[in-house]
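# model the following, please.
(one chain, ligands or ions: 2)
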Amino acid sequence: MDEAGQPLRDAHGRAISDLRVSVTDRCNFRCQYCMPADGLPWLDREEVLSFEEIERLVALLVGLGIEDVRLTGGEPLVRRDFPRLVAMLAAVDGLRDLSLTTNGYLLERDAAALVDAGIGRVNVSIDSLARDRFFQITRRDALPRVLRGLEAIAAHERVRPIKVNAVAMRDFTEREVAAFVGLARASDYQVRFIEFMPLDADHAWTPESVLTGAELRALVEREHELIEVPREPSATARVYRFADGRGEIGFINPVSEPFCADCNRIRLTAEGRLRTCLFSVHETDLREPLRDGASDGELEEIVRDAVWRKELKHRVGEPGFRPPPRSMSAIGG
Ligand code: SAM
Ligand code: SF4
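Ligands and ions are numbered 1, 2, ... in the order given. From the prediction side, this is the model:
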(Lines give C-alpha, C1' and ligand atoms only; values in the text may rest on other atoms or scores of the structure.)
(Ligands and ions follow the chains in the order given, each with its own letter.)
Protein backbone atom coordinates (compact mmCIF):
# COMPACT_ATOMS: atom_id res chain seq x y z
CA MET A 1 0.00 0.00 0.00
CA ASP A 2 1.11 3.57 -0.65
CA GLU A 3 2.94 5.68 1.87
CA ALA A 4 1.38 8.98 2.90
CA GLY A 5 2.62 11.82 0.68
CA GLN A 6 3.11 9.51 -2.34
CA PRO A 7 1.01 10.03 -5.49
CA LEU A 8 -2.06 7.83 -5.88
CA ARG A 9 -1.25 4.44 -7.30
CA ASP A 10 -3.25 1.26 -7.80
CA ALA A 11 -2.27 -2.34 -7.15
CA HIS A 12 -1.39 -2.77 -10.84
CA GLY A 13 1.22 -0.01 -10.68
CA ARG A 14 -0.78 2.65 -12.49
CA ALA A 15 -0.34 6.23 -11.26
CA ILE A 16 -3.64 8.11 -11.07
CA SER A 17 -3.52 11.71 -12.25
CA ASP A 18 -6.84 12.38 -13.99
CA LEU A 19 -10.18 13.01 -12.28
CA ARG A 20 -13.62 13.35 -13.90
CA VAL A 21 -16.10 15.18 -11.70
CA SER A 22 -19.80 14.89 -12.41
CA VAL A 23 -21.46 18.07 -11.18
CA THR A 24 -25.05 16.95 -11.81
CA ASP A 25 -26.93 13.88 -12.97
CA ARG A 26 -29.50 16.07 -14.73
CA CYS A 27 -29.52 16.78 -18.43
CA ASN A 28 -31.50 18.80 -20.95
CA PHE A 29 -30.89 16.22 -23.73
CA ARG A 30 -31.99 12.61 -23.97
CA CYS A 31 -29.33 11.02 -26.17
CA GLN A 32 -30.38 7.55 -27.32
CA TYR A 33 -27.04 6.00 -26.28
CA CYS A 34 -27.17 7.50 -22.79
CA MET A 35 -30.60 8.34 -21.33
CA PRO A 36 -34.15 7.06 -21.76
CA ALA A 37 -36.65 9.36 -23.54
CA ASP A 38 -38.37 10.18 -20.24
CA GLY A 39 -35.13 10.87 -18.37
CA LEU A 40 -34.12 9.15 -15.15
CA PRO A 41 -35.14 9.74 -11.52
CA TRP A 42 -32.91 12.69 -10.57
CA LEU A 43 -31.02 12.93 -7.30
CA ASP A 44 -32.55 15.22 -4.66
CA ARG A 45 -30.68 18.51 -4.30
CA GLU A 46 -29.35 17.66 -0.87
CA GLU A 47 -27.92 14.40 -2.20
CA VAL A 48 -25.71 16.29 -4.68
CA LEU A 49 -22.34 17.56 -3.47
CA SER A 50 -22.25 21.32 -2.87
CA PHE A 51 -19.62 23.44 -4.63
CA GLU A 52 -17.70 23.67 -1.35
CA GLU A 53 -17.74 19.87 -0.96
CA ILE A 54 -16.51 19.39 -4.54
CA GLU A 55 -13.78 21.97 -3.96
CA ARG A 56 -12.62 20.22 -0.79
CA LEU A 57 -12.43 16.82 -2.49
CA VAL A 58 -10.72 18.18 -5.60
CA ALA A 59 -8.12 20.02 -3.48
CA LEU A 60 -7.52 16.84 -1.48
CA LEU A 61 -7.12 14.74 -4.63
CA VAL A 62 -4.81 17.30 -6.25
CA GLY A 63 -2.69 16.97 -3.13
CA LEU A 64 -2.53 13.23 -3.87
CA GLY A 65 -1.30 13.63 -7.43
CA ILE A 66 -4.36 14.50 -9.52
CA GLU A 67 -3.23 16.97 -12.20
CA ASP A 68 -6.14 17.13 -14.62
CA VAL A 69 -9.79 17.65 -13.71
CA ARG A 70 -12.59 17.41 -16.24
CA LEU A 71 -16.06 18.62 -15.29
CA THR A 72 -18.90 16.59 -16.73
CA GLY A 73 -22.35 15.21 -15.90
CA GLY A 74 -25.25 14.88 -16.83
CA GLU A 75 -25.01 18.28 -18.42
CA PRO A 76 -22.72 20.48 -16.31
CA LEU A 77 -24.14 23.75 -17.62
CA VAL A 78 -27.61 22.99 -16.22
CA ARG A 79 -26.16 23.21 -12.70
CA ARG A 80 -27.07 26.65 -11.36
CA ASP A 81 -24.15 29.06 -11.08
CA PHE A 82 -21.76 26.52 -12.64
CA PRO A 83 -19.11 29.11 -13.63
CA ARG A 84 -18.70 29.89 -9.92
CA LEU A 85 -17.62 26.29 -9.35
CA VAL A 86 -15.16 26.59 -12.26
CA ALA A 87 -13.63 29.67 -10.60
CA MET A 88 -13.35 27.86 -7.27
CA LEU A 89 -11.60 24.88 -8.85
CA ALA A 90 -9.36 26.98 -11.10
CA ALA A 91 -7.97 28.47 -7.88
CA VAL A 92 -7.00 25.06 -6.43
CA ASP A 93 -3.27 25.09 -5.90
CA GLY A 94 -1.39 22.55 -8.02
CA LEU A 95 -4.15 21.81 -10.53
CA ARG A 96 -2.57 21.75 -13.99
CA ASP A 97 -5.59 21.50 -16.28
CA LEU A 98 -9.30 22.21 -15.78
CA SER A 99 -11.59 21.19 -18.62
CA LEU A 100 -15.25 20.71 -19.43
CA THR A 101 -17.37 18.27 -21.43
CA THR A 102 -20.72 19.70 -22.50
CA ASN A 103 -23.51 19.12 -24.99
CA GLY A 104 -23.16 22.79 -25.91
CA TYR A 105 -26.82 23.73 -25.52
CA LEU A 106 -26.11 26.47 -22.97
CA LEU A 107 -22.62 27.31 -24.15
CA GLU A 108 -23.55 30.47 -26.03
CA ARG A 109 -25.00 31.80 -22.76
CA ASP A 110 -22.06 30.74 -20.58
CA ALA A 111 -18.93 30.84 -22.77
CA ALA A 112 -17.63 34.21 -21.57
CA ALA A 113 -18.35 33.44 -17.90
CA LEU A 114 -16.56 30.10 -18.18
CA VAL A 115 -13.50 31.69 -19.73
CA ASP A 116 -13.45 34.41 -17.07
CA ALA A 117 -13.72 31.70 -14.43
CA GLY A 118 -10.63 29.98 -15.82
CA ILE A 119 -11.78 27.00 -17.87
CA GLY A 120 -8.81 25.69 -19.85
CA ARG A 121 -10.24 23.36 -22.46
CA VAL A 122 -13.72 22.42 -23.70
CA ASN A 123 -15.10 19.33 -25.42
CA VAL A 124 -18.45 19.66 -27.15
CA SER A 125 -20.44 16.51 -27.91
CA ILE A 126 -22.07 16.55 -31.36
CA ASP A 127 -23.17 13.29 -32.97
CA SER A 128 -24.52 14.59 -36.25
CA LEU A 129 -24.07 17.70 -38.35
CA ALA A 130 -27.50 17.25 -39.96
CA ARG A 131 -30.32 18.86 -37.99
CA ASP A 132 -32.87 16.05 -38.38
CA ARG A 133 -30.36 13.34 -37.50
CA PHE A 134 -29.08 15.32 -34.52
CA PHE A 135 -32.70 15.44 -33.33
CA GLN A 136 -33.06 11.71 -33.86
CA ILE A 137 -30.07 10.96 -31.59
CA THR A 138 -30.47 13.62 -28.88
CA ARG A 139 -34.29 13.85 -29.03
CA ARG A 140 -33.82 17.64 -29.12
CA ASP A 141 -33.97 19.89 -32.18
CA ALA A 142 -30.93 21.81 -31.06
CA LEU A 143 -28.14 21.54 -33.62
CA PRO A 144 -28.08 25.24 -34.67
CA ARG A 145 -27.98 26.31 -31.04
CA VAL A 146 -25.18 23.84 -30.19
CA LEU A 147 -23.13 25.04 -33.16
CA ARG A 148 -23.57 28.64 -31.96
CA GLY A 149 -22.32 27.51 -28.56
CA LEU A 150 -19.30 25.85 -30.14
CA GLU A 151 -18.47 29.05 -32.02
CA ALA A 152 -18.97 31.13 -28.88
CA ILE A 153 -16.39 29.16 -26.92
CA ALA A 154 -14.01 28.88 -29.88
CA ALA A 155 -14.00 32.68 -30.16
CA HIS A 156 -11.87 32.63 -26.99
CA GLU A 157 -8.43 31.75 -28.24
CA ARG A 158 -7.03 30.83 -24.88
CA VAL A 159 -9.48 27.90 -24.67
CA ARG A 160 -7.62 25.33 -26.77
CA PRO A 161 -7.75 22.69 -27.99
CA ILE A 162 -11.48 22.56 -28.70
CA LYS A 163 -12.60 19.00 -29.27
CA VAL A 164 -15.81 17.83 -30.89
CA ASN A 165 -16.81 14.32 -29.82
CA ALA A 166 -19.23 12.10 -31.73
CA VAL A 167 -20.42 8.72 -30.44
CA ALA A 168 -20.11 6.26 -33.31
CA MET A 169 -22.97 3.86 -33.89
CA ARG A 170 -23.38 1.37 -36.70
CA ASP A 171 -25.90 2.29 -39.39
CA PHE A 172 -25.85 5.89 -38.25
CA THR A 173 -22.39 7.39 -38.10
CA GLU A 174 -21.15 6.06 -41.45
CA ARG A 175 -23.21 8.79 -43.11
CA GLU A 176 -21.70 11.47 -40.83
CA VAL A 177 -18.07 10.83 -41.68
CA ALA A 178 -17.83 13.18 -44.66
CA ALA A 179 -19.41 16.09 -42.75
CA PHE A 180 -17.17 15.62 -39.71
CA VAL A 181 -14.10 15.36 -41.92
CA GLY A 182 -15.22 18.63 -43.51
CA LEU A 183 -15.53 20.24 -40.08
CA ALA A 184 -12.12 18.98 -38.96
CA ARG A 185 -10.48 20.33 -42.12
CA ALA A 186 -12.26 23.68 -42.10
CA SER A 187 -11.57 24.51 -38.43
CA ASP A 188 -8.97 23.99 -35.73
CA TYR A 189 -11.35 21.70 -33.79
CA GLN A 190 -10.09 18.20 -33.12
CA VAL A 191 -12.98 15.94 -34.18
CA ARG A 192 -13.04 12.56 -32.45
CA PHE A 193 -15.25 9.53 -32.82
CA ILE A 194 -15.95 7.53 -29.64
CA GLU A 195 -17.02 3.92 -29.84
CA PHE A 196 -20.47 3.26 -28.42
CA MET A 197 -20.12 1.58 -25.00
CA PRO A 198 -22.66 -0.51 -23.07
CA LEU A 199 -23.53 2.36 -20.74
CA ASP A 200 -26.90 3.32 -22.23
CA ALA A 201 -29.83 3.34 -19.83
CA ASP A 202 -32.05 1.61 -22.41
CA HIS A 203 -29.66 -1.37 -22.67
CA ALA A 204 -29.88 -1.28 -26.45
CA TRP A 205 -26.11 -1.78 -26.87
CA THR A 206 -24.99 -4.92 -28.69
CA PRO A 207 -21.48 -5.78 -29.91
CA GLU A 208 -22.79 -5.37 -33.46
CA SER A 209 -23.94 -1.80 -32.76
CA VAL A 210 -20.34 -0.67 -32.24
CA LEU A 211 -18.90 1.01 -35.30
CA THR A 212 -15.20 0.63 -34.59
CA GLY A 213 -12.54 3.26 -34.90
CA ALA A 214 -10.75 1.10 -37.46
CA GLU A 215 -13.86 0.98 -39.64
CA LEU A 216 -14.31 4.74 -39.38
CA ARG A 217 -10.68 5.38 -40.20
CA ALA A 218 -11.00 3.19 -43.28
CA LEU A 219 -13.97 5.33 -44.37
CA VAL A 220 -11.92 8.52 -43.92
CA GLU A 221 -8.95 6.98 -45.73
CA ARG A 222 -11.03 6.32 -48.83
CA GLU A 223 -10.75 10.04 -49.50
CA HIS A 224 -7.79 11.26 -47.44
CA GLU A 225 -4.34 10.09 -46.48
CA LEU A 226 -3.85 10.14 -42.69
CA ILE A 227 -0.64 10.27 -40.66
CA GLU A 228 -0.67 9.10 -37.05
CA VAL A 229 0.33 11.69 -34.46
CA PRO A 230 2.50 10.29 -31.60
CA ARG A 231 0.59 10.11 -28.32
CA GLU A 232 1.08 9.87 -24.56
CA PRO A 233 0.51 6.31 -23.28
CA SER A 234 -2.48 7.44 -21.18
CA ALA A 235 -4.14 9.33 -24.07
CA THR A 236 -7.44 7.71 -24.97
CA ALA A 237 -7.55 8.99 -28.55
CA ARG A 238 -5.54 7.86 -31.53
CA VAL A 239 -5.09 11.08 -33.42
CA TYR A 240 -4.22 11.45 -37.11
CA ARG A 241 -3.48 14.50 -39.18
CA PHE A 242 -4.53 14.85 -42.76
CA ALA A 243 -1.43 14.38 -44.92
CA ASP A 244 -2.06 17.68 -46.73
CA GLY A 245 -1.69 19.47 -43.40
CA ARG A 246 -5.32 20.57 -43.05
CA GLY A 247 -6.81 19.38 -39.76
CA GLU A 248 -6.75 16.41 -37.40
CA ILE A 249 -9.15 13.60 -36.61
CA GLY A 250 -9.18 11.20 -33.66
CA PHE A 251 -10.61 7.83 -32.71
CA ILE A 252 -11.36 6.70 -29.16
CA ASN A 253 -11.68 2.94 -29.24
CA PRO A 254 -12.47 1.66 -25.73
CA VAL A 255 -14.34 -1.39 -27.04
CA SER A 256 -12.19 -2.60 -29.95
CA GLU A 257 -8.81 -1.48 -28.54
CA PRO A 258 -9.13 -1.07 -24.75
CA PHE A 259 -6.61 1.28 -23.16
CA CYS A 260 -7.08 0.01 -19.58
CA ALA A 261 -3.40 -0.90 -19.14
CA ASP A 262 -2.48 2.79 -19.24
CA CYS A 263 -5.60 4.12 -17.53
CA ASN A 264 -4.84 7.00 -15.15
CA ARG A 265 -8.45 8.02 -14.40
CA ILE A 266 -10.88 8.00 -11.52
CA ARG A 267 -14.34 9.53 -11.29
CA LEU A 268 -16.42 11.33 -8.70
CA THR A 269 -20.20 11.11 -9.14
CA ALA A 270 -22.58 13.99 -8.45
CA GLU A 271 -23.51 12.48 -5.08
CA GLY A 272 -19.91 11.99 -4.05
CA ARG A 273 -19.08 8.40 -4.89
CA LEU A 274 -15.63 7.54 -6.13
CA ARG A 275 -15.55 5.23 -9.15
CA THR A 276 -12.28 3.70 -10.30
CA CYS A 277 -13.56 2.49 -13.69
CA LEU A 278 -16.37 3.52 -16.04
CA PHE A 279 -17.56 -0.05 -15.68
CA SER A 280 -17.13 -0.33 -11.89
CA VAL A 281 -19.76 -2.31 -10.04
CA HIS A 282 -18.33 -1.17 -6.69
CA GLU A 283 -18.03 2.46 -5.66
CA THR A 284 -16.78 4.25 -2.57
CA ASP A 285 -18.90 6.83 -0.79
CA LEU A 286 -17.01 9.99 0.12
CA ARG A 287 -20.04 12.15 0.91
CA GLU A 288 -20.98 10.52 4.19
CA PRO A 289 -17.52 10.75 5.75
CA LEU A 290 -17.21 14.28 4.37
CA ARG A 291 -20.50 15.35 5.95
CA ASP A 292 -19.67 13.47 9.16
CA GLY A 293 -16.61 15.66 9.63
CA ALA A 294 -13.84 13.34 8.43
CA SER A 295 -10.36 14.90 8.48
CA ASP A 296 -8.29 15.16 5.29
CA GLY A 297 -6.18 12.28 6.58
CA GLU A 298 -9.24 10.06 7.02
CA LEU A 299 -10.55 10.93 3.55
CA GLU A 300 -7.11 10.29 2.08
CA GLU A 301 -7.08 6.81 3.57
CA ILE A 302 -10.49 6.00 2.07
CA VAL A 303 -9.39 7.31 -1.34
CA ARG A 304 -6.06 5.44 -1.33
CA ASP A 305 -7.77 2.21 -0.40
CA ALA A 306 -10.37 2.58 -3.20
CA VAL A 307 -7.76 3.52 -5.80
CA TRP A 308 -5.53 0.62 -4.78
CA ARG A 309 -8.39 -1.70 -5.76
CA LYS A 310 -8.91 -0.10 -9.19
CA GLU A 311 -10.11 -2.67 -11.71
CA LEU A 312 -7.43 -4.18 -13.93
CA LYS A 313 -9.58 -3.75 -17.05
CA HIS A 314 -13.13 -3.66 -18.30
CA ARG A 315 -14.72 -6.87 -19.50
CA VAL A 316 -16.81 -5.54 -22.38
CA GLY A 317 -17.10 -8.24 -25.01
CA GLU A 318 -16.09 -11.04 -22.64
CA PRO A 319 -18.56 -13.81 -21.77
CA GLY A 320 -20.68 -12.94 -18.75
CA PHE A 321 -20.05 -9.16 -19.01
CA ARG A 322 -22.74 -7.24 -17.12
CA PRO A 323 -23.06 -3.47 -17.59
CA PRO A 324 -22.72 -1.41 -14.40
CA PRO A 325 -25.92 -0.49 -12.55
CA ARG A 326 -25.47 3.19 -13.49
CA SER A 327 -25.72 4.49 -17.02
CA MET A 328 -23.41 7.14 -18.51
CA SER A 329 -25.22 10.30 -17.39
CA ALA A 330 -25.31 9.06 -13.78
CA ILE A 331 -21.62 8.12 -13.82
CA GLY A 332 -20.18 11.22 -15.42
CA GLY A 333 -18.71 10.37 -18.81
N1 SAM B 1 -23.74 16.05 -21.21
C2 SAM B 1 -22.38 16.24 -21.56
C3 SAM B 1 -22.09 15.80 -22.97
O4 SAM B 1 -22.92 15.10 -23.54
O5 SAM B 1 -21.04 16.17 -23.47
C6 SAM B 1 -21.41 15.57 -20.60
C7 SAM B 1 -21.77 14.20 -20.09
S8 SAM B 1 -21.81 12.94 -21.33
C9 SAM B 1 -22.28 11.53 -20.37
C10 SAM B 1 -20.07 12.73 -21.66
C11 SAM B 1 -19.73 12.02 -22.95
O12 SAM B 1 -20.13 10.68 -22.87
C13 SAM B 1 -20.39 12.60 -24.18
O14 SAM B 1 -19.41 12.88 -25.17
C15 SAM B 1 -21.28 11.50 -24.64
O16 SAM B 1 -21.44 11.50 -26.04
C17 SAM B 1 -20.56 10.27 -24.14
N18 SAM B 1 -21.41 9.09 -24.00
C19 SAM B 1 -22.61 8.98 -23.38
N20 SAM B 1 -23.08 7.73 -23.46
C21 SAM B 1 -22.15 7.01 -24.13
C22 SAM B 1 -22.07 5.64 -24.54
N23 SAM B 1 -23.03 4.77 -24.25
N24 SAM B 1 -20.97 5.25 -25.22
C25 SAM B 1 -19.98 6.14 -25.53
N26 SAM B 1 -20.00 7.43 -25.17
C27 SAM B 1 -21.08 7.87 -24.49
FE1 SF4 C 1 -27.15 14.35 -21.66
FE2 SF4 C 1 -24.59 14.10 -22.34
FE3 SF4 C 1 -26.11 11.92 -21.78
FE4 SF4 C 1 -26.58 13.29 -24.00
S5 SF4 C 1 -24.67 12.20 -23.49
S6 SF4 C 1 -28.15 12.58 -22.52
S7 SF4 C 1 -26.14 15.34 -23.41
S8 SF4 C 1 -25.51 13.47 -20.36
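
# okay, now V159: neighbour count?
18 (other C-beta atoms under 10 Å). All C-beta spots, glycine's among them, are computed from the backbone N, C-alpha and C.

# now do the contacts for it.
With contact set as C-beta atoms under 8 Å, 6 or more residues apart in numbering, V159 has these partners: 115, 119-122, 153.

# tell me how far it lies from L114.
Applying C-beta to C-beta, to the nearest Å, the value for V159 to L114 is 8 Å.

# show me where the chain has strands.
18-22, 68-72, 97-102, 121-125, 162-168, 190-195, 226-228, 237-242, 248-252, 265-268, 273-275, 284-285 (DSSP state E).

# of all the ones you listed, which one is nearest ligand 2?
For those, the distance to ligand 2 is smallest for strand 121-125, at 5.9 Å, taking C-beta to the nearest ligand atom.

# which positions in the stretch 51-200 of the chain make contact with ligand 1?
Contact residues, the stretch 51-200 of the chain versus ligand 1 (C-beta under 6 Å from any ligand atom): 72-73, 75, 101-103, 125, 165, 167, 194, 196-197, 199-200.

# so which residues of this protein form helices?
In the chain, the helices defined using DSSP state H lie at 51-63, 82-90, 107-117, 131-138, 143-154, 177-186, 213-221, 287-291, 296-308, 328-331.

# so which residues on the stretch 201-333 of the chain come close to ligand 1?
The stretch 201-333 of the chain comes close to ligand 1 at residues 328-329, 333, as judged by C-beta under 6 Å from any ligand atom.

# which of those ranks first by neighbour count?
S329 (28 neighbours).

# what's that one in contact with, if anything?
Neighbouring residues of S329 by C-beta under 8 Å, 6+ apart: 25, 27, 34-35, 40, 73-74, 201.

# look up how far A294 lies from it.
Separation of S329 from A294 (C-beta to C-beta) stands at 28 Å.

# same check, this time on I266
Taken as C-beta to C-beta, the span from I266 to A294 is 18 Å.

# more neighbours: these two, which one.
The neighbour count for I266 versus A294, taken as other C-beta under 10 Å, is higher for I266 (25 against 15).

# what sits opposite that one in the beta ladder?
For I266, the beta-bridge partners are L19 (DSSP bridges).

# isn't it up against D18?
Yes. Using C-beta atoms under 8 Å, I266 is in contact with D18, at 7.5 Å.

# give me the pLDDT value at the nearest residue to G74 once chain neighbours are set aside.
Distances taken as C-beta to C-beta, 6 or more residues apart in numbering place T24 nearest to G74, at 4.2 Å, with adjacent residues excluded. In this model, T24 is scored at 98, pLDDT.

# common neighbours of V159 and L114, please.
Jointly contacting V159 and L114 under the rule C-beta under 8 Å, 6+ apart are 122, 153.

# got the contact list for the nearest residue to C31 once chain neighbours are set aside?
Spatial nearest neighbour of C31, excluding adjacent residues (C-beta to C-beta, 6+ apart): T138 at 5.1 Å. For T138, the contacting residues are 29-32, 103, 127, by C-beta under 8 Å, 6+ apart.

# what's the first-to-last distance across stretch 254-264?
Taking C-alpha to C-alpha, to the nearest Å, stretch 254-264 runs 14 Å from one end to the other.

# so what touches it?
If you take C-beta under 8 Å, 6+ apart as the criterion, stretch 254-264 is touched by 14-18, 194-197, 207, 210, 212-214, 233-234, 236, 238, 253, 277-278, 310-314, 316-317.

# list the buried ones in it?
Within stretch 254-264, the residues that count as buried by 16 or more other C-beta atoms under 10 Å are 254-256, 259-260, 263-264.

# any chance of those in CSV, plus pLDDT and distance to E55?
Converted to CSV, the buried residues of stretch 254-264 look like this (pLDDT from 0 to 100; distance: C-beta to C-beta, whole Å):
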residue, pLDDT, distance to E55
P254, 94, 30
V255, 94, 35
S256, 94, 38
F259, 86, 30
C260, 90, 30
C263, 93, 25
N264, 94, 22
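
# for the residues you listed, give me TSV that also has distance to I302.
Shown next, in TSV, are those (distance: C-beta to C-beta, whole Å):
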residue	distance to I302
P254	27
V255	31
S256	35
F259	27
C260	23
C263	20
N264	20
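
# list the buried ones in stretch 244-252?
Within stretch 244-252, the residues that count as buried by 16+ other C-beta under 10 Å are 247-252.

# what about the stretch 1-150 of the chain, any weak spots by pLDDT?
Applying pLDDT under 70 to the stretch 1-150 of the chain flags residues 1-4.

# which positions in it make contact with ligand 2?
Residues of the stretch 1-150 of the chain found near ligand 2 (C-beta under 6 Å from any ligand atom) are 27, 29-31, 34-35, 73-75, 103, 125.
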